[in-house]
Structure formats: structure tokens, C-alpha cells
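Colleague: What would the 3D arrangement of this be:
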Amino acid sequence: MFDLFPVSRLAGIVAVGAVTFSPLAAVAAESDASRGPYVEIFGGLSTLGDQNFDFTPTTGVKANGRLDAGRGWLGGAALGYQANENIRVEAEIIYSRNQVKGATATGLAATNGGDYASLAIMGSVLLDVATYETDFAVFKPYVGVGLGFIEEVDADLKGGVRSEFDQGGKLAYQIRGGVRWRYESGVIAGFGLRYLKADNPLLKGPRGRVDAGYDPLSFNASVGWSF
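Modeller: Below is the predicted model of the structure:
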């Protein structure tokens, strides 16, 4: 006659195993769902403090100066990849534009307005430092650093004589932090802070050149889709 004891014991082991490992399987499924490529668009507010703006005319000597900059905005897009539960990488293109209130330097025409803008291509490594799950989304605060190039920095100064100075190809770095969340549908969103600094742009214009500073601080919101 067939012995039911081993069969019942095996059924019990299977049941216990299912209860034990089903949460781990769910975690693994969530982990797999969070990995892979994603795209984002972002925009927000930018602020730029007073900057070095040392002017050297075409025929003359260098004169120390300051650029009085103010609020502005930025926008851009990112292509990213979630490598694992905590680490992601991103490539970004960022356009930023700030108001110029005035600029002063010996030999530079009086300035009473204008804008200070840049186009940057950056790569970043981001670390999700914690995970908070809710019924509708998974929230992850993050920090990160990035390196790239300022493709163009442009100072368009208005006054008695309009002056425009620009240059591209300067090394830049950035520090980032914020919070990002992902919905079950795959939609992602977030808020973040970004500090970007260019490596002393040397801006060239028709009447000379400017040794300038450029380090905007920005707050942005983002929305995207993970695949």
C-alpha cells in the first residue's frame, strides 16, 4: 500500500518553502522591474551669484571686474540606466540662462542688463541612498556627481554698446541631490538640486576677452519613463 506519510511531509515542506521564499521572489521581481534604461525631461529655477568678469581689451591690459547675475531657468533631458537597486548612470544635455543686472570692468562699456547662458553635456553617477515604499510609488533619495563639458557659455551684455562674449569646450563638474520616485506604471518623477561649475571660461568678443566665473545653483523637477 502507498505510504502517505512521506507525501504529506513533502507537501508540508513545499508549503513552508512557498511561504518563506514568496516575499523574496516579490523583492526580486521589484528589483528586476526597477533596473534598465529610462528617459527624463526636467526644468526649474536657476540662481547665479556675482561672478568674476575680468576684461582684457584687444589693445590694452587686463582689468578686474564683476558680473552681477541673478535668477534664471534651466531645462534639459537625460538618458539613464538603473544598474541595480542603488546605482544609476545618466547622460544629460542642459540649457541654462540667467539674468545679468550689470557688469563692471575698466574698458568695458556700461552694462545695465543682458543674460548669461550655457549649454552643457554632462555624465553623472547617482547613488540611491534609501528606499521608502508606499501603496502607490517607491521613493528614493539620492546623491551624485558628474563630469562633462560646457559646449557654450555666452554673455550677452546690454548697455550703451551691446557686447557679446562666448566660448565652448570647457570642462565642468556637478554635484546633485534630491528625491525620485517610481510608479508601478513605469512613470518616474522627482525633485532635485544641482550645483554646476565650469573651469574658468575664457569668453571671446569683438573688443577683447573676459576671464569669467560660472557656477549656477538650480532646483528642478523631472518626469520620465522607465522601460
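Colleague: ok, which stretches of this structure are helices?
Modeller: 4-34 (DSSP state H).
Colleague: Can you pull out the low-pLDDT segments for it?
Modeller: Scanning the chain for pLDDT under 70 picks out 1-34, 107-112, 159-163.
Colleague: Would you check how far apart the residue positioned nearest the centre of it and Asn52 are?
Modeller: Among the residues of the chain, the one closest to the centroid is Arg194, at 5.7 Å (CA atoms, centre = their mean). Separation of Arg194 from Asn52 (CB to CB, to the nearest Å): 21 Å. Placement of C-beta: from N, CA and C, glycine included.
Colleague: Each with direction, which strands does the lengthiest strand in the chain pair with?
Modeller: In the chain, taking DSSP state E as the definition, the longest strand is strand 137-159. Here strand 137-159 is paired, per DSSP bridges, with strand 111-128 (antiparallel), strand 132-133 (antiparallel), strand 163-167 (antiparallel), strand 170-183 (antiparallel).
Colleague: residues near the closest residue to Phe42 other than its chain neighbours, how many?
Modeller: For Phe42, ignoring the flanking residues on the chain, the nearest one in space by CB to CB, 6 or more residues apart in numbering is Ser222 at 3.8 Å. When counting by other CB atoms under 10 Å, one arrives at 19 neighbours for Ser222.
Colleague: beta partners for the residue nearest to Arg180 when sequence neighbours are not counted?
Modeller: Distances taken as CB to CB, 6+ apart put Gly190 closest to Arg180, at 3.5 Å, once the chain neighbours are dropped. Beta-bridge pairing for Gly190 (DSSP bridges): Arg180, Ser222.
Colleague: Also Ala212?
Modeller: Bridge pairing for Ala212 - DSSP bridges - gives Phe53.
Colleague: For it, give me its contacts.
Modeller: Applying CB atoms under 8 Å, 6 or more residues apart in numbering, we find Ala212 in contact with 51-54, 67, 153, 155, 165, 200-203.
Colleague: List only those of those flagged as buried.
Modeller: 51, 53-54, 67, 153, 155, 165, 201, 203 (16 or more other CB atoms under 10 Å).
Colleague: hmm, which two among these are most spread apart?
Modeller: Across the buried ones among the contacts of Ala212, the longest distance by CB to CB is 14.7 Å; it joins Asp54 and Val153.
Colleague: Now Gly113: closest residue in space, sequence neighbours ignored.
Modeller: Lys158 is the one closest to Gly113 (CB to CB, 6+ apart), at 4.4 Å.
Colleague: I'd say that neighbour and Gly102 touch.
Modeller: No: shown here, Lys158 and Gly102 do not form a contact pair, counting by CB atoms under 8 Å, at 9.9 Å.
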